[in-house]
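Asks: Have a look at this prediction, sequence included:
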Amino acid sequence: MSARHVPVMLDRVVSEFAPVVERVDQPVVVDATLGLGGHTEAMLTRYPTLTVIGIDRDREALRRAGERLAPFGDRFVPAHAVYDEIAEVVADAGRASVDGVLFDLGVSSMQLDLAERGFAYAQDAPLDMRMNDEDELTAADVLNTYAEGDLARILREYGEEKFARRIAQEIVKERQTRPFERSDQLVELIRRCIPAPARRTGGNPAKRTFQALRIEVNDELAVYRRALPAAMDLLSVGGRVVVLSYHSLEDRITKRVISAATTTTAPRDLPVVPASMQARFRSLTRGAEMAGEDEIADNPRARSVRMRAVERITA
């Protein structure tokens, strides 16, 4: 098993749900980004009364996770959905609230490993990048049809790519004679656009463009902006949300939502704070927690992880 198959911060995530799961008779946690089900398997193993609702937009991930989690029977409830549909998924499962929600954001190990999905810049493959194969927009569609300004904006905002304008210009120029179909073509173009000194630092220079295209194809940031508040609204008192994010764009959203939810809206000099102005949540992490050096050595994907968690304290 490759390092990226190891669930990131596994013990830390599972332990974070212990205070609520162990005091509730029939606890329910939503794994909003199921993937191959590693975190869910660990939670179901540790907490014998727990039920996990596993959400994933990728049908192949659901199939594989279902096989892995079959020994747990009806304690695992799969749902084919995008995670901003979490309220509908929970209602369909017959619940009005849940005791925990986990977000492990970004691309899954399975999607990286299946070359035909087009997520990995290290393997030549069709430029697809759809997490849900029922969606229409592919990475090739973005490259071949978006205006130069839109391409530059996506690469700059979603990939934090310094050479976004130059790459966008070259994409538009090249597609006039050779439309983009496969990842090797794009990787080679990026290599030509980025100066040699910049290519020598920061890993593969294609990773930022591939990240940006993946986010655009799957509308990841907009979906997450809707999903995190919706998940927090579903929590019972004492319930917890745990978020693992892997780049600054996701972590900024998480930080902003958590900050708003854990801050009172009352003026500082108000002697008695009305319930409507009290913070509904408290932060369980001081800032963002990072993986330890030992875990990073065993699992390189953990290097960029940032974990934040909150607990609901009022109804």
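Replies: Nice, I can see it.
Asks: only C-alpha atoms for contact and neighbour calcs from this point on.
Replies: Fine.
Asks: which residues sit against the top strand by length along the chain?
Replies: Using DSSP state E to assign secondary structure, the strand with the most residues in the chain is strand 235-245. Applying CA atoms under 8 Å, 6 or more residues apart in numbering, the set of residues contacting strand 235-245 from outside is 13, 16-17, 20, 97-106, 231-232, 251, 254, 305-315.
Asks: ok, now stretch 12-31?
Replies: Outside stretch 12-31, the residues that reach it (CA under 8 Å, 6+ apart) are 39-40, 42-43, 47, 49-55, 98-103, 238-240, 242.
Asks: Please repeat the previous calculation with a cut-off of 7 Å.
Replies: Stretch 12-31 is touched from outside by 40, 43, 49-55, 98-103, 238-240, with contacts defined as CA atoms under 7 Å, 6 or more residues apart in numbering.
Asks: Would you mark the buried spots in it?
Replies: Buried residues in stretch 12-31, counted by 16 or more other CA atoms under 10 Å: 13-14, 16-17, 20-21, 27-31.
Asks: What is the nearest of these to Ala279?
Replies: Lowest distance from Ala279 to those (CA to CA) belongs to Val20, with 19.2 Å.
Asks: so of the contacts of stretch 12-31, which ones are in helices?
Replies: Using DSSP state H, the subset of those located in helices is 40, 43.
Asks: gap between Pro195 and Arg166?
Replies: Distance of Pro195 to Arg166, given as CA to CA, to the nearest Å: 11 Å.
Asks: Neighbour count: these two, which is higher?
Replies: Neighbours were counted for Pro195 and for Arg166 using other CA atoms under 10 Å; Arg166 has more, 14 against 11.
Asks: Dihedrals phi and psi, the closest residue to that one other than its chain neighbours?
Replies: Spatial nearest neighbour of Arg166, excluding adjacent residues (CA to CA, 6 or more residues apart in numbering): Cys193 at 6.5 Å. Dihedral angles of Cys193 (phi, psi; degrees, to the nearest 10) stand at phi -80, psi -30.
Asks: Quick check, pLDDT for Cys193.
Replies: You'll see Cys193 listed with a pLDDT of 94.
Asks: start at 18 instead
Replies: Understood, numbering begins at 18; the last thing we discussed is Cys210.
Asks: distance of it from Arg170?
Replies: When Cys210 is compared with Arg170 (using CA to CA), they lie 16 Å apart.
Asks: Just the ones in strands from the contacts of strand 252-262, please.
Replies: When DSSP E defines the strands, the subset of these inside them is 115-121, 323-329.
Asks: which two in the residues you listed are spaced the farthest apart?
Replies: Of all pairs drawn from these, the one with the largest separation by CA to CA is Val115 and Arg323; the distance is 23.6 Å.
Asks: Endpoints of stretch 197-215, how far apart?
Replies: Criterion CA to CA; first-to-last residue distance in stretch 197-215 is 24 Å.
Asks: tell me how far that stretch is from the chain's mean position?
Replies: For stretch 197-215, the separation from the chain centroid amounts to 26 Å (computed by CA atoms, centre = their mean, to the nearest Å).
Asks: Quick check: phi and psi on the residue positioned nearest the centre of the chain?
Replies: Most central residue of the chain, judged by C-alpha distance to the mean C-alpha position with CA atoms, centre = their mean, is Leu122 at 1.4 Å. With angles defined as degrees, to the nearest 10, Leu122 sits at phi -80, psi 170.
Asks: do Val46 as well
Replies: With angles defined as degrees, to the nearest 10, Val46 sits at phi -120, psi 140.
Asks: what's the distance between it and Arg199?
Replies: Looking at Val46 against Arg199, where the rule is CA to CA, the gap reads 39 Å.
Asks: picking that back up, what about the longest strand of the chain, distance to the chain center?
Replies: The answer for strand 252-262 is 15 Å, by CA atoms, centre = their mean.
Asks: try stretch 263-283
Replies: 15 Å.
Asks: Mind checking the pLDDT average for it?
Replies: Here stretch 263-283 scores 91 as its mean pLDDT.
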